[in-house]
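[1] Here's a sequence, model it:
(one chain, ligands or ions: 2)
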Amino acid sequence: MQKIIVSGGIALNGEVAISGAKNAVLPILCATLLADEPVSIGNVPDLHDVKTTLRLLAELGAGVIVQDGADLQIDPRTVRSHVAPYELVKTMRASVLVLGPLLAKHGAAEVSLPGGCAIGSRPVDLHIKALEALGARITLEHGFIKASAARLRGGKVAFDIVSVGATENVLMAATLADGTTVIDNAAKEPEIVDLADCLVAMGADIEGAGTDRIVVRGVERLHGGSHRVVADRIETGTFLVAAAMTGGCVTATHARPGTLDTVLDKLVEAGADVGTRGDAITVDMRGRRPKAVDLVTAPHPGFPTDMQAQFMAMNCIAEGVGTIDETIFENRFMHVQELVRLGAEIHIEGNRATVTGVPKLSGAPVMATDLRASASLILAGLVAEGDTTIDRIYHLDRGYENIERKLSGLGAKIRRVD
Ligand SMILES: CC(=O)N[C@H]1[C@@H](OP(=O)(O)OP(=O)(O)OC[C@H]2O[C@@H](n3ccc(=O)[nH]c3=O)[C@H](O)[C@@H]2O)O[C@H](CO)[C@@H](O)[C@@H]1O
Ligand SMILES: C=C(OP(=O)(O)O)C(=O)O
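    Numbering: from 1, shown residues only. Ligands and ions are numbered 1, 2, ... in the order given. Now for the predicted structure:
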């Protein structure tokens, strides 16, 4: 199994180009199932989750044409199956996002329940309730969500808690429903806005994406179109934290600064000079040690849970004590015991981690448990004395394109070994 070895102690400097967002491209690829014509998607990152989604679309019968690296064309006209098998769904939770599109377009969908995962139980009850509000009949049988509806009808959906995936599933389904759907307490993440932009390019009628009320007026059909995936705010944030932690100066280019307000505010609080110019963001922490920050994860525009592990890594070597409250997932502190192996001082009580910064970490073998936990271990390795060897990096490849090449370009000593 492949591992990553990081030799710590080098301040990162230079420019890094940000890729398209994993959490935007996955729902967008699923949304192409709604169209009557081929859809072109640009700025597609080369990620394991993207490959899994393309395999799933191909399994359903869609044509997948890679035009040029990051540009793809999906032809949904040849879709014949509406079954998303366990083998593909189990490795990637986002595959549940074919449920809404298949149901809306083909009147039926059978999607394996995604497995539990390291960060929490992650049920899909909100997806099911929302689609039922649009008239779908849904049962759970033999580990599959089985859904049917002659044609979905517009309805009222009011979420009890904010869910990115459930908002996306019902948003996609509502585009082809008969009548108007109002989604209240909708997720406001930039990836929802990007999905809505793509659906609108395909002929959907959507208002309010990015606010907590989305109104979708159903249309008879969606046509082909083209869309360029938004920059990955979590990848961006990860590189900016790397700059701050190592006492370096890094500019992330091809980024979308407006999607990162809370993250940039926390970097300023940690003592970094942060500047934005067009699609570039620079974090300069030269000659300084970060100050510990307190943070509470929350739905957008709050602090993203997908950046929690990376900020925890920064607090580990910061000056002072920082508290981190994880309010989205009940079990998203799996990186703590690995960071402790590197010499971090972290105390957990319920959903709060209190981190007391230490002057230095020391390299050790550690194990990645999920995607952002893996990123936090790489960040910690960048500042640890000696070598940090990170095992189970397949988690990392789900969501970071060429991370070791990008970090090497900033001066890091990092390599992948078999
Ligand atoms: C592919 C993708 O975009 N993944 C992101 C998406 O995941 P995902 O869409 O799975 O996350 P949700 O926003 O749905 O989860 C938020 C909370 O709602 C709960 N919940 C969710 C659905 C449901 O039916 N019932 C229920 O109880 C979850 O367990 C969690 O506690 O948003 C998360 C929160 O920003 C991010 O960490 C993930 O990176
Ligand atoms: C939790 C994440 O992704 P997923 O929902 O795909 O597991 C993530 O991107 O940090």
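
[2] In three-state terms, label the residue nearest to residue 388 when sequence neighbours are not counted for me.
    The spatially closest residue to residue 388, leaving aside those adjacent along the chain, is residue 381, at 3.3 Å (Cβ to Cβ, 6 or more residues apart in numbering). Quick note: C-beta positions are derived from backbone N, CA and C, even for glycine. Of the three states, residue 381 takes helix according to DSSP: H, G, I helix; E, B strand; the rest coil.

[3] just so I have it, where are all the strands in the stretch 151-300 of the chain?
    For the stretch 151-300 of the chain, the strands defined by DSSP state E, counting those that start in this stretch cover 156-158, 180-184, 205-207, 213-217, 225-228, 249-253, 273-277, 280-284, 295-296.

[4] Go through those and name the closest to residue 59.
    strand 225-228 (22.8 Å; Cβ to Cβ).

[5] what helices or strands is the closest one leaning on?
    Secondary-structure packing of strand 225-228 (3 or more Cβ pairs under 8 Å, 6 or more residues apart in numbering; DSSP states H and E): strand 39-42, helix 190-201.

[6] Mind putting these into TSV with mean pLDDT and distance to ligand 1?
    Listed next are these as TSV, based on pLDDT from 0 to 100; distance: least, Cβ to the nearest ligand atom, whole Å:
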stretch	mean pLDDT	distance to ligand 1
strand 39-42	98	16
helix 190-201	98	6
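
[7] if you compare the ones you listed, which one is most tucked away?
    Sort the helices and strands packed on strand 225-228 by mean neighbour count, taking mean count of other Cβ atoms under 10 Å, and helix 190-201 sits at the top with a mean of 23.

[8] who are the neighbours of that one, in terms of helices and strands?
    Using 3+ Cβ pairs under 8 Å, 6+ apart, helix 190-201 is in contact with helix 22-31, helix 164-174, strand 205-207, strand 225-228.

[9] And whatever residue of the chain ends up closest to ligand 1, how close does it get to residue 143?
    Nearest residue of the chain to ligand 1 (Cβ to the nearest ligand atom) works out as residue 165 at 2.8 Å. To residue 143, residue 165 is 18 Å away according to Cβ to Cβ, to the nearest Å.

[10] now residue 7
    44 Å.

[11] Residue 35 and residue 222 touch, don't they?
    Yes: using Cβ atoms under 8 Å, residue 35 is in contact with residue 222, at 4.7 Å.

[12] tell me, what's touching the two both at once?
    Shared contacts of residue 35 and residue 222, defined by Cβ atoms under 8 Å, 6 or more residues apart in numbering, comprise residue 202.

[13] Mean neighbour count, distance to ligand 2 and mean pLDDT added to the helices and strands packed on helix 190-201, as TSV?
    Shown next, in TSV, are the helices and strands packed on helix 190-201 (neighbours: other Cβ atoms under 10 Å; distance: least, Cβ to the nearest ligand atom, whole Å; pLDDT from 0 to 100):
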stretch	mean neighbour count	distance to ligand 2	mean pLDDT
helix 22-31	27	6	98
helix 164-174	28	7	98
strand 205-207	15	23	98
strand 225-228	18	20	98
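
[14] can I get those in JSON lines with distance to residue 404?
    Formatted as JSON lines, the helices and strands packed on helix 190-201 follow (distance: least, Cβ to Cβ, whole Å):
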{"stretch": "helix 22-31", "distance to residue 404": "17"}
{"stretch": "helix 164-174", "distance to residue 404": "28"}
{"stretch": "strand 205-207", "distance to residue 404": "39"}
{"stretch": "strand 225-228", "distance to residue 404": "26"}
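
[15] Which residues of the chain lie near ligand 2?
    22-23, 93-94, 119, 306, 371-372, 399 (Cβ under 6 Å from any ligand atom).

[16] Swap in 5 Å and give it another go.
    Listed as neighbours of ligand 2 in the chain under the rule Cβ under 5 Å from any ligand atom: 93-94, 306, 371-372.

[17] Point out where the stretch 51-200 of the chain drops to low pLDDT.
    For the stretch 51-200 of the chain, applying pLDDT under 70 flags the ranges 115-117.

[18] which residues in it form helices?
    86-89, 99-106, 125-132, 164-174, 190-201 (DSSP state H, counting those that start in this stretch).
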